[in-house]
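> A structural model of the following input is requested.
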Amino acid sequence: MRFDVITLFPELFAPFLASGVTRRAYAQGLVDVRLWNPRDYAEGNYRRVDDRPFGGGPGMVMMAPPLERCLAAIRADRAESPDTQAPLVLFSPIGTPIQHGVVAHWAASAGAVLLCGRYEGIDQRFIDAHVDVQLSLGDFVLSGGEIAALALLDAVARLQPGVLNDEGSHQLDSFNPALDGLLDCPHYTRPEEWNGRTVPPELLSGHHAHIERWRRDQRLATTAKHRPDLIAAARAAGHLAPLDEAALARLA
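Prediction:
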C-alpha cells in the first residue's frame, strides 16, 4: 500500500519512519510512505502557502492553488486515472474519530493521500473540490495534522503481516474484534515480586484454561470500569457468554 503525505513539515516524519518495530513496514515496502511539501508548489520568491482569511479574524488559511498543484503532482506520480484515484484524507476536528474499525479499513486498503492542515485551516473550496474523507484523532485541536497522520500510519503499519515479532500480538490489542472489542487485560513480567507487589497467582499456575479465564475476567473488569460503553456494545452484539455476565455481576 502507498500513502502520500502532504505536509509543510516533512522532517517530522523521518525519525518516525526509521524507529520502532513499525519501521519494518516502511523499510520492507509493506507501507510505502512518500512526503510532499506544498511549499514546493507555491509561486513567488517566498513560496507562500497561506494568506489572511476573507472576512477578517485571527490566523492564516492555507491557500488552495499550491495544494491543488501538489495534489496534481501526486496523482501524476501515482499514474492514476480519474476512476482509480486514491482517496484524499484530511485530518480535521469534524472528521470521523479514528477507532479500530477505521484503522482496520485503511490497513486493508491500497492506501491514500493524507493531507495535514496547518494554521487556522484550509480554504474550504479546496476541501469541497478534492477531499474524500475527513478523520479526527479526538475532540481537541492540534497545531497541524501531522500527529494524526503519524498515529494513523503507525496503527496501519502494525497490522501488516510480518511487522510485529508475534503475528498474534495485534489480535490481543484493546478494541480488537478478536477480544469482542474489550480493553486488554493487565500484563506482568519478572521479577515475580516487586516492591511488595506480586504477580497474580493465576498467571503462575501453568493452567492455560485458568489463565485465559483470568485474563477474560480482567478484560471485562477493566472495560466495565473505564469504558462501560464497550461492555454495552459487546452485550448488544451477543458477545458476552454466561461466564462473562457472571464475572460482571461479581463486580457490581
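> when you work out contacts or count neighbours from here on, use the C-alpha atoms and nothing else.
Noted.
> how's the chain carved up into domains?
2-157, 174-251 (automatic domain parsing).
> how many residues are close by Leu90?
26 (other C-alpha atoms under 10 Å).
> was I right about it contacting Ala112?
No. Using C-alpha atoms under 8 Å, Leu90 is not in contact with Ala112; the gap is 10.4 Å.
> output the domains of the chain as JSON lines; include the columns mean pLDDT and distance to Leu164.
Compiled in JSON lines, the domains of the chain are given as follows (pLDDT from 0 to 100; distance: least, C-alpha to C-alpha, whole Å):
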{"stretch": "domain 2-157", "mean pLDDT": "96", "distance to Leu164": "7"}
{"stretch": "domain 174-251", "mean pLDDT": "95", "distance to Leu164": "16"}
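> for Val163, which of these is the nearest?
Nearest to Val163, of all those, is domain 2-157, at 5.8 Å by C-alpha to C-alpha.
> distance from that closest one to the middle of the chain?
When distances are taken as C-alpha atoms, centre = their mean, to the nearest Å, domain 2-157 is centred 13 Å away from the chain's centroid.
> and what of stretch 208-222?
Taking mean C-alpha positions (C-alpha atoms, centre = their mean), stretch 208-222 and its chain are 27 Å apart.
> in this protein, which residue is most central in space?
The residue lying closest to the centre of the chain (C-alpha atoms, centre = their mean) is Leu152, at 2.8 Å.
> check which helix or strand it maps to.
Element membership of Leu152, judged by DSSP states H and E, is helix 146-157.
> and the strands in this structure?
2-6, 32-36, 50-51, 61-62, 88-97, 111-115, 133-136, 193-194, 197-198 (DSSP state E).
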